[in-house]
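S.K.: Predicted model and sequence below, questions to follow.
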Amino acid sequence: MSSLTLLLSAFARQRWGDRIQAAAAGDLILVTAEEALAAKAPCAADIAFMTREVTGRSSKNNPTPELVGFDTVVRAAPKLKWLQIHPAGAERPIYRELRARGVKVTTASGATAVTVSHSVLGALITINRRFPLLADAQRRHAWEPRLGERSPRDLAGQCAVIVGLGPIGRNIARLLKALEMRTIGVRRSAEAVPHCDRVIAYADLMGVLPEADWLILCCPASPVTRGIANAAVFAAMPRGAQFINVSRGEIAVEKDVIAALQSGHLAGAYLDVFEREPLDPASPLWDMPNVLISPHTASHSLGQNEAIFEIFLDNLARFRAGQKLRNDVDDLG
């Protein structure tokens, strides 16, 4: 294959440039988005790598200049054939634009499976063991033992309904089985998945909700999943059930989440994603003692960038060899 031009950020070139060149035997021309913007001309990139620092401080409602600049360059790259992105999902409109142009878009699905599932496990234990209430009592210097009806329920035997069984959902199921919990997986088809006691299709979700002590969302955003966690779904769950969302904000109807928590029908929640981000400072979710909030960072860890980079290197070798790319969005339906 002849020489290719790779578009990336200045940060990514500084951090990984030498390793990329070594992997490509020096047969890549590296150009940064900053350089391409300054040139004020169409970018000659054949391939592009959009890393976390480009998007990390953006939200879907508030893109940063770094993200706007990278998007501008990509849109003005007529030769672009492939874009590697760092998230596991590819819902942003620009990815659909590029795919319509024939550009391959690949995700880093799998790189976040461990960190997100650890966040879910930590939050589930934290909420179940009522650590937020203990922390509040500590701040007040109050000795308030969790006794009698205030005692936490045993996790063993509780049922978690896990919506989405990609790498994240499967890893969550594996961890919860170690706690002797029951797991029901929800996906497009009802094919069996390891560590799930049962697997059902999305259309059958309402039928299992009366068993759900926990509803955990880790699915991609799609016409099937948007708004899937709503008032009817929460009403079908037992009073005192718990809710976790590490998927996308639009998968849950936020006003219905708030209402279920305020009424006590939902006993608690861990929310990493929201309909609008950042979450409005006036949202009642901030002050609910039974809610854990994280700013869309359930996947973050010091080692995550390296895991994403390894997926890019693997795909770079595949691209140069004319092989099928890993995590091609067009292959994921």
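M.R.: Here it is on my side, so go on.
S.K.: Quick one, grab the pLDDT at the residue nearest to residue 167 when sequence neighbours are not counted.
M.R.: Nearest residue to residue 167 in three dimensions, chain neighbours excluded: residue 113, at 3.7 Å (CB to CB, 6 or more residues apart in numbering). C-beta: built from backbone N, CA, C; applies to glycine. Residue 113 carries a pLDDT value of 93.
S.K.: and residue 268, that one's in a strand?
M.R.: Yes - counting by DSSP: H, G, I helix; E, B strand; the rest coil, residue 268 is located in a strand.
S.K.: What count of nearby residues applies to it?
M.R.: Residue 268: 24 surrounding residues under other CB atoms under 10 Å.
S.K.: What of the one 4 residues further on?
M.R.: Burial of residue 272 is recorded as 23 neighbouring residues (other CB under 10 Å).
S.K.: Number the chain from 20, please
M.R.: Right, with 20 as the first residue, what we last looked at is residue 291.
S.K.: mind checking pLDDT for the nearest residue to it once chain neighbours are set aside?
M.R.: Excluding the flanking residues, the one nearest residue 291 by CB to CB, 6+ apart is residue 317, at 4.1 Å. Per-residue confidence (pLDDT) for residue 317: 96.
S.K.: follow-up on the earlier one: so what does the residue nearest to residue 186 have for phi and psi?
M.R.: In terms of degrees, to the nearest 10, the main-chain angles of residue 132 are phi -60, psi -40.
S.K.: residues contacting it?
M.R.: Taking CB atoms under 8 Å, 6 or more residues apart in numbering, we find residue 132 in contact with 185-187, 189-190.
S.K.: Distance of the residue nearest to residue 291 relative to residue 136?
M.R.: Distance of residue 317 to residue 136, given as CB to CB, to the nearest Å: 9 Å.
S.K.: right, and residue 97 touches residue 61 too?
M.R.: Yes - with contact defined as CB atoms under 8 Å, residue 97 and residue 61 form a contacting pair (5.8 Å).
S.K.: of these two, who's got more company?
M.R.: residue 61 (13 against 10).
S.K.: In which helix or strand does that one reside?
M.R.: Using DSSP states H and E, residue 61 falls within no helix or strand.
S.K.: With adjacent residues omitted, what lies nearest to it?
M.R.: Residue 61 sits nearest to residue 95 (CB to CB, 6+ apart), 4.9 Å away.
S.K.: Surely the one you found and residue 59 touch.
M.R.: No - if you go by CB under 8 Å, residue 95 and residue 59 don't touch, sitting 9.7 Å apart.
S.K.: Tell me which of the two has more neighbours.
M.R.: Using other CB under 10 Å, the more surrounded residue of residue 95 and residue 59 is residue 95, with 15 against 7.
S.K.: measure the more buried one to residue 25 for me?
M.R.: 16 Å.
S.K.: And for residue 55?
M.R.: Using CB to CB, which is the criterion applied here, residue 55 is 12 Å from residue 25.
S.K.: what sits in contact with each of these two?
M.R.: The overlap between the contact sets of residue 55 and residue 25 (CB under 8 Å, 6+ apart) consists of residue 64.
S.K.: give me the beta-bridge partners of residue 47?
M.R.: Counting by DSSP bridges, residue 47 is bridged to residue 23.
S.K.: Burial check on it, number of neighbours?
M.R.: For residue 47, using other CB under 10 Å, the count is 19.
S.K.: so who does it touch?
M.R.: Residues in contact with residue 47 (CB under 8 Å, 6+ apart) are 22-25, 39-40.
S.K.: And for residue 294?
M.R.: Counting by CB under 8 Å, 6+ apart, residue 294 has contacts 268-269, 271, 273.
S.K.: Secondary structure and neighbour count added to the contacts of residue 132, as TSV?
M.R.: Converted to TSV, the contacts of residue 132 look like this (DSSP: H, G, I helix; E, B strand; the rest coil; neighbours: other CB atoms under 10 Å):
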residue	secondary structure	neighbour count
185	coil	18
186	helix	19
187	helix	28
189	helix	19
190	helix	22
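S.K.: correct me, but residue 178 touches residue 198?
M.R.: No - counting by CB under 8 Å, residue 178 stays clear of residue 198, with 11.8 Å between them.
S.K.: ok, now how distant is the closest residue to residue 245 other than its chain neighbours from residue 247?
M.R.: Distance criterion CB to CB, 6+ apart; nearest residue to residue 245, sequence neighbours excluded, is residue 269 at 5.1 Å. Noted for residue 269: a distance of 10 Å to residue 247, by CB to CB.
S.K.: again, but for residue 224
M.R.: The spacing between residue 224 and residue 247, counted by CB to CB, is 7 Å.
S.K.: Need the overlap of contacts for the two.
M.R.: residue 182.
S.K.: With neighbour numbers in mind, choose between these two.
M.R.: Higher neighbour count among residue 224 and residue 247: residue 247, with 22 against 19, using other CB under 10 Å.
S.K.: residues contacting that one?
M.R.: With contact set as CB under 8 Å, 6+ apart, residue 247 has these partners: 182, 221, 224, 236, 238, 270-271.
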